[in-house]
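Student: for reference, the sequence and a predicted model appear below.
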Amino acid sequence: MTEGPTRTKQVVNDFSMVVATVNGSGSQTSNLALIRALFRMGIPVSGKNLFPSNIQGLPTWYTIRASSDGHTARRDSVEILVAMNAATFAEDHAGLSSGGACFYADYLPKPQTRDGIIYYPMPIKDLVKEVNPPRDLKEYVANMGYVGIVSEMLGIDHEAVRGALLTHFRGREKPVELNMGMITLAAEWARNHLEKQDPYRVQADDQTAGKILIEGNTAGALGAIYGGVSFASWYPITPASSFADAVREYLPQLRKDNGKNTYAVIQAEDELSAIGMAIGAGWAGARAMTSTSGPGISLMAEFAGLAFFAEIPIVVWDVQRMGPSTGLPTRTSQGDVMFVRYLGHGDTKNVILIPGSVAECFEFGWRAFDLAERLQTPVFVLSDLDLGMNLWMSDPFDYPEEPMDRGKVLTAEQLEEIGEFARYRDVDGDGIGYRTLPGNEHPLAPWFARGTGHNEQAVYSERPDDWERNMERLMRKAETARELVPAPIHHGSGKARVGLIYYGSTESAVQEALERLPDRPEIDALRLRAVPFGAEVKQFIDDHEVVYVLEMNTDGQMHKLLQLEVPQQAMRLRSLTHNNGLSLTARWIAESMADQAGG
Amino acid sequence: MATSVKSRKAKVNVVGLAKADYKGRPSTMCAGCGHNSISSQIINAAYDLSLSPHEIVKLSGIGCSSKTPAYFLGRSHGFNSLHGRLPSLATGALVANRSLKAIGVSGDGDTASIGMGQFVHLLRRNVPMVYIIENNGVYGLTKGQFSATADFKQTLKYAGLNPFMPVDLCMEALTANCGFIARSFAGDPKQVTELIKAALSFDGTAVLDIISPCVTFNNRDESTKSYGWGREHEDPLHDVTYVPKYEEIQVDYEAGETTEVRLHDGSAIVLKKLDEEYDPTDRSAAIQLLEQARENQVLATGLIYFNPDQPSLQDSEQMIERPLSGLAADELRPSQESLLEVLEGFK
């Protein structure tokens, strides 16, 4: 009672809490209960699951950040530790910030204590004994012990916890009551046996009213559904499986016709087949997609080239993870940019959309189909594990404000009126031909799709002029794409000398960093949302003396792409990369920018 | 004048189309290639059945065989896809539009080597389509390498000696639970036509493994993929006649000499007994037949296995009958109210 921490100022709604557990021990329900409870109390939160590529037994960490300023990026410091894993306790404890709180299961061997850390032992096993849950639920209930104790010590509202559990169990009272039994008991024990000594606490706020808490994969899947996805094929892969799971979860309630499905979701035998099916469906006129991650993209290269060259609309949703090769399946990265841009042998250039938030995952989920059908080409959406598998706060998603764009598809009636048809003729000068769908009964309608060289009539041709004319048209189409893809987002006055270009899930960290950075030198920022780059990107580079390109891969892939596409200003572009599997922190960005500016 | 016009007017079928309306572009296969014969039988079958060309799609992989869809059914949509990948493409296309009849043409390289995985999974899912393998035991376009169906210890000029046992695609189809498995010979056009017609009426994957000699690289009489060997060793299981649903089955045969197999659309295959009794609905008998044909080095042709009782992929997926391409925007995009409701779950 006489020592430091108690006298320090209270820190309200501003901390990073790490829950260290063992993979497969059922702690996810507990962690989600905590984060959702904070969210229900109106406190801005974000959650990050750092998990191993393993079913059971390896360490896993769940980080909950509460931020009264509304920041949602990962933070370097940890103020509260909930230690439930003996194997990592020492290391986790060493990483705790000075003045932090250490909750630990009392059966764990305790490391050498540190000055300035507040320790709270948790008698988890005794509490479980008292609750006496069914044997198969023991581990789950045990994990609710820390929910109760931490809630009590931080001041998390029990009703908020109950509400969180109701959300988790979809309104089923029985599991909620079982878990609340443990939580109440644990909280009561804490009230009677622990003395609050750390400065961290929570207090109801009003910053989350009307907001939602959702993962990017779910958001993207919902976006695809509101974009009219009718065919989705996939092959299980971390971190993209939950995208297909969400598609399969929501389609049945949203897309039925007299009890029958107006869609199909097929689990393929591999990614070759997954994209092949989507292309078949896209050719036949369905809004078709596949979802995958880097290793799947590698397998899809062959078919991607076919879809590009035969000009078949499909959407490929890539939730990026660490590569090369199998890499780190459960860690985040932005390493597929260059590969996807040119995926396919020969002169292939693909359209890429890059969401920077869960709201954009939803928006690009539907917009990708409009673009794919308008441009008659594969559209790749590059999300990543951090955005896709972690919980993010967001305003509710906007219903698509534009009518669907089904692109240039000729019906039998239109063919009758026009009286002629050539699949790959550039009638409108935008590089995009008209297509007909199989089943069109007009005798002019049929064309023979192929990956081989072809003339305007889609007939096999080895003539040099046919080849050149076709590629020139595809280049015109690429120019059209430049104008149709989502424009970048500007931040700053536009008058600064220094510019920062970034994209994707680094958005939250960059926004926080921009607030942290000193006012001078001023920085303008531009968040890319698509490749190819529109005129605004070139303008931004032209307008700044130095432009940093920030990304999470080792090679500086977007930096290189920009140098290729804006070669006149290549020397102004400086690469700023960080790639260790963890998402960026505002501190790292601010310090790196300051270093660069200083140097 | 009038008579000359009349004399030039071609015979037409029920849908008012002449045989020429089912033809494609001129073939670029070698003269005498078995594949040309099969293309002709596809044209004959479609014409005889009075199929509307827009109801058919042609799909293929890569290789000589896969080029042939350009040479038949010129008034049907088609897709010449990737090596060994026609099954996945077909799966997506037929799920998107189940009213289409699909004819896939593949080869032994396309199916038994690079495409074996997709082939097996196509059958496992029972995607309704005719899957023809124009089997010649050799890679033609790349000038004569062995394929996976080449004969054990066969010698070819370019490739030398083949030390491996051949893949039997009918046996592969059997183990993958395919419900319509036939083997035929490009030198037996009547049987090929009847089998194609029957396959087009089957609501599931129908595999036709057709020995189709490569006259340039693998047509020496000792090769089991040659015309000479086929003519010498073909041993039809039965005489196959396809009977459309609008025709009465004419019983020309003595009772007990024929078996009738009903297809999904009400049509039937009449199998006339030849030398020995063979029941194509008996799976064990089919396995035994293929084993014996291999041991005795005969080309057993006809309907090897038949099982119409497996659901098609679209039925397994409980899909609507209408093509997904025909769904209107308001059928594709759920309502604004539904979005608000869904998002409530994330608050």
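Tutor: Thanks, I have it. Values in this document were obtained by computation on a predicted structure and should not be read as measured data. Numbering: from 1, shown residues only, chains lettered A, B, ... in the order given.
Student: near the closest residue to A:Ala530 other than its chain neighbours, how many other residues are there?
Tutor: Computed as Cβ to Cβ, 6 or more residues apart in numbering or on different chains, the closest residue to A:Ala530 that is not its neighbour in sequence is A:Val485, at 3.5 Å. (C-beta placed from N, C-alpha, C; glycine too.) A:Val485 has 23 neighbouring residues, counting by other Cβ atoms under 10 Å in any protein chain shown.
Student: check A:Leu328 too.
Tutor: 16.
Student: identify the residues contacting residue 208.
Tutor: You didn't say which chain, so I picked chain A. When contacts are counted by Cβ atoms under 8 Å, 6 or more residues apart in numbering or on different chains, A:Thr208 touches A:39-45, A:393.
Student: not quite, I wanted chain B
Tutor: B:130-133, B:182-184, B:192, B:195-196, B:199.
Student: what does A:Ser505 give?
Tutor: A:Ser505 neighbours (Cβ under 8 Å, 6+ apart): A:216, A:332, A:334, A:356, A:383-384, A:386-387, A:552, A:583.
Student: that one and chain B, how far apart?
Tutor: Going from A:Ser505 to chain B by Cβ to the nearest Cβ, to the nearest Å gives 19 Å.
Student: count of residues packed around the closest residue to B:Gly140 other than its chain neighbours?
Tutor: Leaving aside its sequence neighbours, B:Gly140 sits nearest to B:Cys64 (Cβ to Cβ, 6+ apart; 4.4 Å). Residues within reach of B:Cys64, counting by other Cβ under 10 Å, total 26.
Student: test my guess that B:Cys64 contacts B:Gly144.
Tutor: No: assessed by Cβ atoms under 8 Å, B:Cys64 is found out of contact with B:Gly144, at 11.6 Å.
Student: how about the residues of the stretch 201-347 of chain B near chain A?
Tutor: With the criterion set to Cβ under 8 Å from any Cβ of the partner chain, the stretch 201-347 of chain B comes near chain A through B:314, B:317-327, B:329, B:331-334, B:336, B:338-340, B:342-343, B:345-347.
Student: let's see that with 7 Å instead.
Tutor: Applying Cβ under 7 Å from any Cβ of the partner chain, one finds that the stretch 201-347 of chain B approaches chain A through B:317-320, B:323-325, B:327, B:329, B:331-334, B:336, B:338-339, B:342-343, B:346-347.
Student: buried subset of the residues you listed?
Tutor: B:317, B:319-320, B:323-325, B:327, B:331-334, B:338-339, B:342-343, B:346-347 (16 or more other Cβ atoms under 10 Å in any protein chain shown).
Student: spit out the contact partners of whatever residue of the stretch 151-300 of chain B ends up closest to chain A.
Tutor: Of all residues in the stretch 151-300 of chain B, the one sitting closest to chain A is B:Ala176 (11.8 Å; Cβ to the nearest Cβ). Going by Cβ atoms under 7 Å, 6 or more residues apart in numbering or on different chains, B:Ala176 touches B:120, B:123-124.
Student: show me what contacts B:Phe146?
Tutor: So B:Phe146 contacts B:138, B:156, B:159, B:162 (Cβ under 7 Å, 6+ apart).
Student: next one: phi and psi at the third one?
Tutor: According to degrees, to the nearest 10, the main-chain angles of B:Ala159 amount to phi -90, psi -10.
Student: is it in contact with B:Gln145, as I believe?
Tutor: Yes: using Cβ atoms under 7 Å, B:Ala159 is in contact with B:Gln145, at 5.2 Å.
Student: for residue 294, the count of nearby residues, please.
Tutor: I went with chain A, as the question did not name one. So A:Gly294, with other Cβ under 10 Å, has 24 neighbours.
Student: let me rephrase: I mean chain B.
Tutor: 16.
Student: quick one: what helix or strand has it in it?
Tutor: helix B:283-296 (DSSP states H and E).
Student: ditto for A:Ser298
Tutor: Going by DSSP H and E, A:Ser298 is part of helix A:294-310.
Student: can you flag which of the contacts of A:Thr208 belong to helices?
Tutor: A:39-40 (DSSP state H).
Student: A:Pro121 - how many residues pack around it?
Tutor: 16.
Student: any idea how far it lies from chain B?
Tutor: Distance from A:Pro121 to chain B, by Cβ to the nearest Cβ: 35 Å.
Student: quick check: closest non-adjacent residue to that residue.
Tutor: Nearest one to A:Pro121, counting by Cβ to Cβ, 6+ apart, is A:Asp106 at 4.0 Å.
Student: which residues sit in contact with the one you found?
Tutor: A:121-123.
Student: among the residues you listed, which are in strands?
Tutor: Among the contacts of A:Asp106, DSSP state E puts A:121-122 in strands.
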